[in-house]
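Enquirer: sequence below, structure please.
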Amino acid sequence: MLVLFETAAGHALFKVQDESKLAKVETITKQFETIDQANQLIKLKGFHAFKDTTQAVAAVADTLDAKIGKGLRKFLKKNISDGIKEKLAVSDKALGSMIKEKLGIPCVYDACVFELMRGIRTHMNSLITGLEIEDLKSMTLGLSHSLSRYKLKFSADKVDTMIIQAIGLLDELDKEINAYSMRVREWFGWHFPEMGKIVTDNLQYAKTVLKMGVRSEIKSLDFSDILGEDVEMALRDVCEISMGTDISEEDVFNIRALCDQVISLTEYRSQLFDYLKNRMNAIAPNLTVMVGELVGARLISHAGSLMNLAKHPASTVQILGAEKALFRALKTKHDTPKYGLIYHASLIGQTAPKFKGKISRVLAAKTSLAIRVDALGEGVEACIGFDNRAKVEARIRQLDNGISNSLSGKGKMKTEQQKYHKPEHVKQYNAEADMQMGTRKRKVDQVTETDGLLDGKKVEKKEMKAKKKKETAEESGVTEEKEKKKKKKKKSVSTTS
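Expert: Purely as a prediction, here's the structure:
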């Protein structure tokens with residue numbers, strides 16, 4: 001019987017000298033009490049060493065997946081000739097079934113084989129010649145770490161924690177640089193107030209102040225490496241008529257120290273941005289193509305991680321960062337916001353204001369797909385990101401041209417306008433087909449009958465009006481008589497009293 005033994009250094013094949021000693025498990029343990037007894041029981045027939053850790057990880061991964069690697073296949077074919085009916089003892093039942101299926105070698109896996117593997121592992125350094133203990137330990141440690149990374153799909157370049165910390169630090173640096181720059185402008189503005197309107201860039205302003213010191217030194221210094229020719233000439237002209245006050249050397253020293261801080265922070269900010277850009281291209285290339293490095297990093301930071309961001313639907317990605325406005329709108333029953341952090345993407349920035357809501361919805365849908373590919377996919381290229389960006393740009397062009405069709409094709413309810421074809425022969429109007437209608441006069445009998453009906457209706461209306469007048473007059477007369485009687489009674493009562 002042959003024994004296939006796996007180590008971190010390679011595959012070993014042993015030959016069992018006496019199979020009768022493997023009948024019982026108890027007898028196998030006694031055969032491996034000493035190295036001499038182990039050498040009498042088994043003998044090394046062949047050894048296939050791994051070239052490096054990558055090959056070892058691939059071999060172990062194939063074994064775990066019940067597959068036969070190329071190296072193991074060649075090793076077994078080389079040491080086991082066809083026609084030999086010896087059984088092969090293996091440590092994995094699934095691997096044994098695959099060897100039997102692919103190579104036709106009968107395999108054994110039972111309690112005796114398990115105990116045999118245990119004994120070989122005990123005296124492995126002595127049974128396998130040319131393998132030192134220290135080398136085997138280092139190989140085992142390296143293989144275990146590499147195998148753990150392989151199982152967890154771990155990559156040092158895929159750590160999104162670095163992105164979260166970098167974007168947070170970048171925002172804080174922007175605030176500090178802005179505050180320090182404004183402080184320099186206010187401080188040096190007492191000495192040279194006209195310079196603030198001429199030099200608008202904060203970094204150029206700090207470098208100019210650091211090099212100048214006092215405005216009287218402008219004429220003797222060259223600022224071509226910092227400013228343009230027009231700006232430099234304007235400064236030279238304005239310095240002669242400046243309305244600023246004089247400052248001491250101590251003031252100049254402190255202002256220059258603050259300018260050093262602004263310049264150093266700005267340089268570090270540019271380095272940090274390059275680092276963030278490289279990290280985003282490594283971790284989320286598709287997301288970077290869709291919305292850019294800064295917006296993508298802010299989305300990851302707001303969600304907590306790339307995996308959490310991938311779990312969000314497109315509607316959540318669209319308004320991520322506008323939670324305060326969303327809940328305020330829900331509370332007051334107003335319209336909810338159309339976009340959050342995604343508003344700062346370049347694709348939405350180049351859209352007309354009336355179409356920003358539509359494009360933000362389309363961009364969020366395509367971005368959510370790109371995020372899931374970055375979080376769960378194994379690829380490194382940003383193919384999906386470029387395809388989705390092209391679709392969003394096509395949608396922007398459609399809206400700008402006044403076409404409201406969907407991305408997939410023409411709308412179902414939209415009817416195509418037919419082309420106008422000019423007729424070959426123009427028809428003319430036939431005046432002979434016209435006919436004149438004769439005038440008809442009413443007869444005398446009809447006129448008298450209609451006039452009689454109209455006169456009868458007028459008489460009835462007059463009679464109705466006369467009746468109404470009589471009734472109103474009678475009612476008014478009765479009321480007048482009652483009032484007269486009341487007045488007489490009052491007079492009689494007054495006379496008696």
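
Enquirer: show me how the chain divides into domains.
Expert: 2-152, 162-271, 284-400 (automatic domain parsing).

Enquirer: what is the end-to-end distance of the last one?
Expert: Using C-alpha to C-alpha, to the nearest Å, the end-to-end distance of domain 284-400 comes to 30 Å.

Enquirer: so of the domains of the chain, which one's packed in deepest?
Expert: Greatest average neighbour count among those goes to domain 284-400 (a mean of 18), per mean count of other C-beta atoms under 10 Å. (C-beta placed from N, C-alpha, C; glycine too.)

Enquirer: returning to that earlier point: using JSON lines, lay out the domains of the chain together with distance to K461 and mean pLDDT.
Expert: As requested, the domains of the chain are arranged in JSON lines below (distance: least, C-beta to C-beta, whole Å; pLDDT from 0 to 100):
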{"stretch": "domain 2-152", "distance to K461": "105", "mean pLDDT": "78"}
{"stretch": "domain 162-271", "distance to K461": "91", "mean pLDDT": "92"}
{"stretch": "domain 284-400", "distance to K461": "61", "mean pLDDT": "92"}
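
Enquirer: turn those domains into JSON lines, including distance to D434.
Expert: Shown next, in JSON lines, are the domains of the chain (distance: least, C-beta to C-beta, whole Å):
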{"stretch": "domain 2-152", "distance to D434": "96"}
{"stretch": "domain 162-271", "distance to D434": "82"}
{"stretch": "domain 284-400", "distance to D434": "54"}
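
Enquirer: nearest to A466, out of these?
Expert: Smallest distance to A466 across the domains of the chain (C-beta to C-beta): 66.0 Å, for domain 284-400.

Enquirer: how about D335, secondary structure?
Expert: With DSSP: H, G, I helix; E, B strand; the rest coil as the basis, D335 sits in coil.

Enquirer: what about the closest residue to it other than its chain neighbours, distance to Q271?
Expert: Leaving aside its sequence neighbours, D335 sits nearest to A329 (C-beta to C-beta, 6 or more residues apart in numbering; 6.2 Å). Using C-beta to C-beta, to the nearest Å, A329 is found at 40 Å from Q271.

Enquirer: same question for T200.
Expert: T200 is 24 Å from Q271, by C-beta to C-beta.

Enquirer: F47 falls within a strand, correct?
Expert: Yes: the assignment for F47 is a strand, going by three-state DSSP.

Enquirer: can you show me the helices along the stretch 151-300 of the chain?
Expert: Per DSSP state H, counting those that start in this stretch, the stretch 151-300 of the chain carries helices over the ranges 161-189, 195-198, 202-212, 229-239, 249-283, 285-291, 293-303.

Enquirer: export the ones you listed as CSV, with columns for distance to R121.
Expert: What follows is those, written out as CSV (distance: least, C-beta to C-beta, whole Å):
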stretch, distance to R121
helix 161-189, 39
helix 195-198, 79
helix 202-212, 66
helix 229-239, 78
helix 249-283, 41
helix 285-291, 45
helix 293-303, 46
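
Enquirer: relative to T54, which of those helices is closest?
Expert: Comparing the helices of the stretch 151-300 of the chain under C-beta to C-beta, the one sitting nearest is helix 249-283, at 20.4 Å.

Enquirer: check which helices and strands the closest one is in contact with.
Expert: helix 161-189, helix 202-212, helix 285-291, helix 293-303 (3 or more C-beta pairs under 8 Å, 6 or more residues apart in numbering; DSSP states H and E).

Enquirer: now do the same contact list for the nearest residue to Y343 once chain neighbours are set aside.
Expert: Computed as C-beta to C-beta, 6+ apart, the closest residue to Y343 that is not its neighbour in sequence is S360, at 6.8 Å. Going by C-beta atoms under 8 Å, 6 or more residues apart in numbering, S360 touches Q318, K338, Y339, I342, Y343, I348.

Enquirer: filter those residues down to the ones in helices?
Expert: In this view, these that belong to helices under DSSP state H are Q318, I348.

Enquirer: which one of the contacts of S360 is nearest to F355?
Expert: Using C-beta to C-beta, the contacts of S360 come closest to F355 at I348, 9.3 Å.

Enquirer: from R361, how far off is the closest one?
Expert: In terms of C-beta to C-beta, I348 sits 10 Å off from R361.

Enquirer: can you give me the strands in the protein?
Expert: 2-6, 10-16, 42-49, 88-89, 107-108 (DSSP state E).

Enquirer: export those to TSV and tack on distance to M182?
Expert: Shown next, in TSV, are those (distance: least, C-beta to C-beta, whole Å):
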stretch	distance to M182
strand 2-6	68
strand 10-16	67
strand 42-49	67
strand 88-89	79
strand 107-108	78
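
Enquirer: out of these, which comes closest to D160?
Expert: Of those, the one closest to D160 (C-beta to C-beta) turns out to be strand 2-6, at 35.9 Å.

Enquirer: how far does that closest one sit from its chain's centre?
Expert: 50 Å (C-alpha atoms, centre = their mean, to the nearest Å).

Enquirer: repeat for stretch 133-151
Expert: 37 Å.

Enquirer: next one: stretch 181-195
Expert: 42 Å.

Enquirer: equivalent analysis for stretch 381-397, please.
Expert: 14 Å.

Enquirer: contacts for that stretch next, please.
Expert: 285-290, 347, 350-351, 355, 358-359, 362-363, 366-367, 369-370, 373, 407.

Enquirer: how about the CA coordinates for stretch 179-191, as PDB?
Expert: C-alpha atoms of stretch 179-191 as PDB (Å, rounded to 0.1, in the frame of the first residue of the first chain):
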ATOM      1  CA  ALA A 179      -8.500  79.600   8.400                       C
ATOM      2  CA  TYR A 180      -4.800  80.200   8.300                       C
ATOM      3  CA  SER A 181      -4.900  81.800   4.900                       C
ATOM      4  CA  MET A 182      -7.600  84.300   6.000                       C
ATOM      5  CA  ARG A 183      -5.500  85.100   9.100                       C
ATOM      6  CA  VAL A 184      -2.500  85.800   6.900                       C
ATOM      7  CA  ARG A 185      -4.600  88.100   4.700                       C
ATOM      8  CA  GLU A 186      -6.000  90.000   7.600                       C
ATOM      9  CA  TRP A 187      -2.700  90.300   9.400                       C
ATOM     10  CA  PHE A 188      -0.600  91.400   6.400                       C
ATOM     11  CA  GLY A 189      -3.500  93.500   5.100                       C
ATOM     12  CA  TRP A 190      -2.700  96.200   7.700                       C
ATOM     13  CA  HIS A 191       0.600  96.700   6.000                       C
END
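
Enquirer: my understanding was that K87 contacts D110; is that so?
Expert: No: if you go by C-beta atoms under 8 Å, K87 and D110 don't touch, sitting 10.8 Å apart.

Enquirer: check what pLDDT T415 gets.
Expert: The model reports T415 with a pLDDT of 49.

Enquirer: what's the answer for K462, then?
Expert: In the predicted model, K462 carries a pLDDT score of 76.

Enquirer: what is the burial count for it?
Expert: K462: 10 surrounding residues under other C-beta atoms under 10 Å.

Enquirer: on that earlier part again, measure the residue nearest to Y343 to P353 for me?
Expert: From S360 to P353 the distance is 12 Å (C-beta to C-beta).
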